[in-house]
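**Q** what follows is a protein structure lacking sequence information:
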């Protein structure tokens with residue numbers, strides 16, 4: 001029986017949509033922890049209240065049943081299945097985990113990764129901030145500034161992002177993706193949070209919401225913010241205060257609002273290849289082999305979240 005290998009990889013990734021309503025949910029665990037940063041506003045919400053309510057139970061069942069069904073529905077016909085690319089087949093067959101896969105520069109993303117201009121611009125931006133740090137704070141070293149110095153120095157010395165990524169992979173093959181990308185996402189999180197963009201965006205959501213549609217709009221706003229801040233806990237630090245303030249203004253449920261933020265985070269993770277790094281490393285696939293299928297299932301799965309948010313209580 002023929003099968004689409006990229007879709008198999010995407011199907012494995014779809015399980016990620018279940019996590020933020022369960023026991024490992026960053027939002028649920030944070031608001032259940034005494035002393036959390038929103039305790040004075042919303043109190044402590046037990047994880048049982050977060051998980052075991054009619055809406056979350058319905059959503060959890062929905063994401064367990066429907067995304068696999070949608071994946072089955074979009075499987076290509078036998079004559080439309082793409083053969084494994086030679087480098088993927090070689091990757092799956094090889095025994096030397098340290099071997100390099102040959103890559104050709106064929107896409108816009110590949111060209112950007114291999115651009116010396118983009119790498120040097122990014123390094124220049126980084127060293128501009130490092131200069132600003134030392135010029136305003138003196139010779140003040142902390143973990144963040146030390147990481148920044150090594151990170152941007154590595155980009156400058158390797159010349160292209162592709163070469164730098166490969167060097168990091170060679171040095172730390174099991175966790176290179178997390179080590180390399182997380183500083184960039186932390187920077188994005190800081191810019192989004194401290195620029196006031198989330199405040200402006202959330203205020204706009206409140207202005208167009210009714211009590212019934214507020215949760216759906218919170219979900220949609222969370223799904224957009226997640227594209228820039230892909231960490232569940234990091235996104236809650238950015239959006240949680242705004243979501244809870246908005247809920248207070250609307251007279252809405254804190255639990256349902258928190259779940260709406262959590263669902264938005266986990267929903268658009270299907271568009272966010274960062275969390276698929278381990279999967280890609282195991283399968284030898286590239287992000288572009290998986291993300292198209294994952295995005296299609298994500299779009300079809302919108303109703304799994306939208307209907308409970310509109311009609312079910314917590």
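**A** Looks like it came in fine. All values reported here derive from a predicted model rather than from experimental measurement.
**Q** show me the shaky parts of the stretch 101-250 of the chain.
**A** 101-106, 174-178, 180-182, 185-186, 188-189, 192-193, 198 (pLDDT under 70).
**Q** against residue 248, how distant is residue 26?
**A** From residue 26 over to residue 248 the distance is 22 Å, taken as Cβ to Cβ, to the nearest Å. Using the backbone N, CA and C atoms, a C-beta is placed for each residue, glycine as well.
**Q** quick one, which of these two is more surrounded?
**A** The neighbour comparison of residue 26 against residue 248 (other Cβ atoms under 10 Å) goes to residue 26, with 19 against 13.
**Q** and residue 255, how far from residue 306?
**A** Distance of residue 255 to residue 306, computed by Cβ to Cβ: 18 Å.
**Q** name the residue in the two with the higher neighbour count.
**A** Comparing residue 255 with residue 306 by neighbour count (other Cβ under 10 Å), the higher total belongs to residue 255, at 21 against 16.
**Q** so what's that one up against?
**A** 45, 49, 50, 53, 314 (Cβ atoms under 8 Å, 6 or more residues apart in numbering).
**Q** who wins for most neighbours among those?
**A** Neighbour-wise, the contacts of residue 255 (other Cβ under 10 Å) top out at residue 50, 23 neighbours.
**Q** name the element that one belongs to?
**A** According to DSSP states H and E, residue 50 maps onto helix 47-51.
**Q** other residues contacting that helix?
**A** For helix 47-51, contacts defined as Cβ under 8 Å, 6+ apart pick out 21-23, 25, 27-29, 31-32, 56, 255, 258-259, 314.
**Q** looking at these, which is nearest residue 129?
**A** residue 27 (30.3 Å; Cβ to Cβ).
**Q** what is the burial count for that closest one?
**A** Counted with other Cβ under 10 Å, residues neighbouring residue 27 total 27.
**Q** any idea how far residue 42 is from it?
**A** In this view, residue 27 and residue 42 are 11 Å apart by Cβ to Cβ.
**Q** which residue of this protein lies farthest from its centroid?
**A** In the chain, the residue that sits farthest from the middle, by Cα atoms, centre = their mean, is residue 138; the gap is 35.2 Å.
**Q** how far away is that residue from residue 190?
**A** 21 Å.
**Q** likewise for residue 148?
**A** Counting by Cβ to Cβ, the separation of residue 148 from residue 190 is 12 Å.
**Q** out of the two, which sits in the more crowded spot?
**A** residue 148 (18 against 13).
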